[in-house]
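> any chance you can model this:
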Amino acid sequence: MSGASLGSDTGWTEARRSLHAQLDQRNALLADYYASAIYFLSTPGAPARMSHLAHAVRELCLHLPDVVGVVRLDRSQSENKSADFMRIWESARLPDDAADFAVCTEGDGDVPMCLVPRSVVQAAVEMVVASRVRGTAGRRAAMMIAEPHAPGGHTNAERDPTVRRWNTIVGKTLFAFVHAFDKAPSAIGEEDLHRDFIFLEQVMQGVLAPLEQVADLDELLAETARQPEPVKVEDLTTDHARHAELKPGGAPDYLRDEGEARGDS
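Numbering: from 1, shown residues only. Next up, the predicted model:
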């Protein structure tokens, strides 16, 4: 579905057309899921509306990390990295007993420091990373939104307020409607539904924005917390934006402050 064939203008704003275009540049199917979500969000009377909306949003949000370069790491990759490490260790002809290392010195403290080839160190690091980072949707969202290389690593990134709210909306609030027959979910108020959807859009804007055009949504997010009514998407214009640094592999700092502004836990 191209930007020129989005159908009814209901629910569409310039900000949403811009986000749709950014998604379309990365992956046409994700752009179509977004357009479908806009349609069902703006059509309360549509048959099976919440089920269709939930499916579209979940597919969009679960696969967004793929198009922004978040590596999918799973158990098979962990096993592959372990095999690579063993191969490189043996190629370096390193001993299997730590006592047999010939070049070991006393470093700071009482821990002996042994010299090994850099290729072995690199293989060890890759093996550790592959073992630590799983392919779960929650962890991949953390890698996309937060800074997984900060102190505390991926664990702290998953606890980030913005990441937690993203995962709650996608993985819990809407997940129930994907499996409505089994879950019998409680209805979501229109105000809460629109507020949650706008939050997801704001995060996507920050994740997809080019480095030189990252909009600072901090004031808008704080304003959302103060207002009883959801922030209107048409308010998300460049009049409210200022340049901000986007960390490699993650969203800017202002997105990670949003949950604290709302008092999310």
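
> how about the strands of the chain, start to end?
104-106, 112-114 (DSSP state E).

> could you tell me the least trusted of those strands?
Across those, strand 104-106 has the smallest mean pLDDT, namely a mean of 68.

> run through the stretch 1-150 of the chain and note the low-pLDDT ranges.
1-8, 73-78, 102-103, 105-111, 129-135, 148-150 (pLDDT under 70).

> the closest residue to residue 49 other than its chain neighbours: how many residues sit nearby?
Spatially, and ignoring its direct neighbours in sequence, residue 49 is nearest to residue 40 (5.2 Å; CB to CB, 6 or more residues apart in numbering). Just so you know, the C-beta spots here come from the backbone N, C-alpha and C atoms, and that holds for glycine as well. Each residue near residue 40 was counted by other CB atoms under 10 Å, and the total is 20.

> list the contacts for residue 40?
The neighbourhood of residue 40, defined by CB atoms under 8 Å, 6 or more residues apart in numbering, consists of 46, 49-50, 52-53, 56.

> burial count for the closest residue to residue 160 other than its chain neighbours?
Spatially, and ignoring its direct neighbours in sequence, residue 160 is nearest to residue 146 (4.3 Å; CB to CB, 6+ apart). By the measure other CB under 10 Å, the count of residues near residue 146 is 26.

> for the nearest residue to residue 166 once chain neighbours are set aside, what are its contacts?
Of all residues not flanking residue 166 in the chain, residue 141 sits nearest, at 5.5 Å (CB to CB, 6+ apart). Residues in contact with residue 141 (CB under 8 Å, 6+ apart) are 61, 65, 163, 166-167, 170.

> which one of those has the most neighbours?
Busiest of the contacts of residue 141 [other CB under 10 Å] is residue 166, holding 27 neighbours.

> wait, that one sits on residue 200?
Yes: if you go by CB atoms under 8 Å, residue 166 and residue 200 touch, sitting 6.9 Å apart.

> overlap in contacts of these two?
Common contacts of residue 166 and residue 200, defined by CB under 8 Å, 6+ apart, comprise residue 61.
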